[in-house]
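>>> could you look at this predicted model? Sequence included:
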Amino acid sequence: MKKLQSIFLSALLLLAISCNKNNDDAPELEQEVDKTANLLATGDSANDILSNASFDKILIQIGFVTGFRPTNAAMQEFTAFLRERTFKEDIEVIYTELESPEEENLTLQEIDELERENRTAYNNGKTLAIYIYFADAPAVGDEGDEGIVTLGAVYRNTSMVIHEVTVRRLAAQSSFITNADVEAATLNHEFGHLFGLVNLGTPAINDHEDPDALNHCNVQGCLMRAQLQFGGPSGRSSILASKSSYEGGIKAGCILSGQNVLNLLQSNTGKNSAAPGLDAECILDIQANGGR
């Protein structure tokens, strides 16, 4: 009888060890990433980007189509701009090379779908994540013959597209302006909207919003001036949507066009940067919302 009890106890012990081993070897279930904080309207994360109250690091994921990676010079100027105007000292840039979607042109909805497929960086702890897609296709609606082309757009609080193929075509029209110059101007201008400029999440201390180009500055020479918009022959801005019309679909807080951008950049050649900087009014606004 004792022998049978001993055999029975031994069998139970072996079974327990086997179960524990199986549990240890079982693959852990992947935690679902909470993306909601990165799916808000343009300008909604302005204070989070500018200050260190909630996040003290920015992680920038650059998703670029093969052959259309941004220049190192533009990225250095861009990250220097972020350090100059935010309190984020820790800025990390990661690059994700992507296959071409093989599209003749891209709508914002298609860009959003590509982001959902390829974006891996989302807010995590004290790190705020930004996604920038460098496309090999122009924006739908471009009229190249008339010089009305879209360089970039912001369409969410942490999402941006740069039409790199169009940037390069525009830069090739001048012997004085480089790809890096146009890239940096586009990146800085669009990120200005993620700062909440102008009245796009960061309230204006003094009135300096262009009445003919909402969410853009009316101060001559400012990075956020409406002259960077060039939405058509009238010179008026082509902002397709503002925060108020964001509900119900993907809308652009700003679409940056390049009809006269070469003139703007050429006027700044010989300076430390061909791209213009923020004027005193825009700086005052972001300082009041947590920036430098």
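Yep, that arrived. Numbering: from 1, shown residues only.
>>> my guess is Glu209 contacts Met224. True?
No: Glu209 is not in contact with Met224 according to C-beta atoms under 8 Å; the separation is 9.6 Å. Every C-beta, even on glycine, is put in place using the N, C-alpha and C of the backbone.
>>> overlap in contacts of these two?
Common neighbours of Glu209 and Met224, using C-beta atoms under 8 Å, 6 or more residues apart in numbering, are Val198, His216, Cys217.
>>> give the contact list for the first one.
Val198 is in contact with Ala204, His208, Glu209, Asp210, Asn215, His216, Cys217, Met224, Cys282, Asp285, counting by C-beta under 8 Å, 6+ apart.
>>> got a winner among those residues for most neighbours?
Tallying neighbours with other C-beta atoms under 10 Å puts Met224 at the head of the contacts of Val198, with 30 neighbours.
>>> for the closest residue to that residue other than its chain neighbours, what are phi and psi?
Spatial nearest neighbour of Met224, chain neighbours left out: Cys217 (4.1 Å); criterion: C-beta to C-beta, 6 or more residues apart in numbering. Backbone torsions for Cys217, taken as degrees, to the nearest 10, come to phi -80, psi 150.
>>> helix or strand for Ala73, which one?
With elements taken from DSSP states H and E, the one containing Ala73 is helix 72-85.
>>> for Ser175, which three-state class applies?
coil (DSSP: H, G, I helix; E, B strand; the rest coil).
>>> same deal with Leu59?
Three-state assignment for Leu59 (three-state DSSP): strand.
>>> can you pull the contacts of it?
Contact partners of Leu59, counting by C-beta under 8 Å, 6+ apart, are Glu92, Ile94, Ala121, Thr127, Leu128, Ala129, Ile130.
>>> the second one contacts Phe64, doesn't it?
Yep, that's Ile94 we're talking about. No: counting by C-beta under 8 Å, Ile94 stays clear of Phe64, with 11.2 Å between them.
>>> the more surrounded of those two?
Phe64 (19 against 12).
>>> weed out the non-buried ones from the contacts of Leu59.
Ala121, Leu128, Ala129, Ile130 (16 or more other C-beta atoms under 10 Å).
>>> with pLDDT, secondary structure and distance to Val165 added, can I get those in a markdown table?
Below are the buried ones among the contacts of Leu59 laid out as a markdown table (pLDDT from 0 to 100; DSSP: H, G, I helix; E, B strand; the rest coil; distance: C-beta to C-beta, whole Å):
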| residue | pLDDT | secondary structure | distance to Val165 |
| --- | --- | --- | --- |
| Ala121 | 98 | coil | 24 |
| Leu128 | 98 | strand | 29 |
| Ala129 | 98 | strand | 25 |
| Ile130 | 98 | strand | 21 |
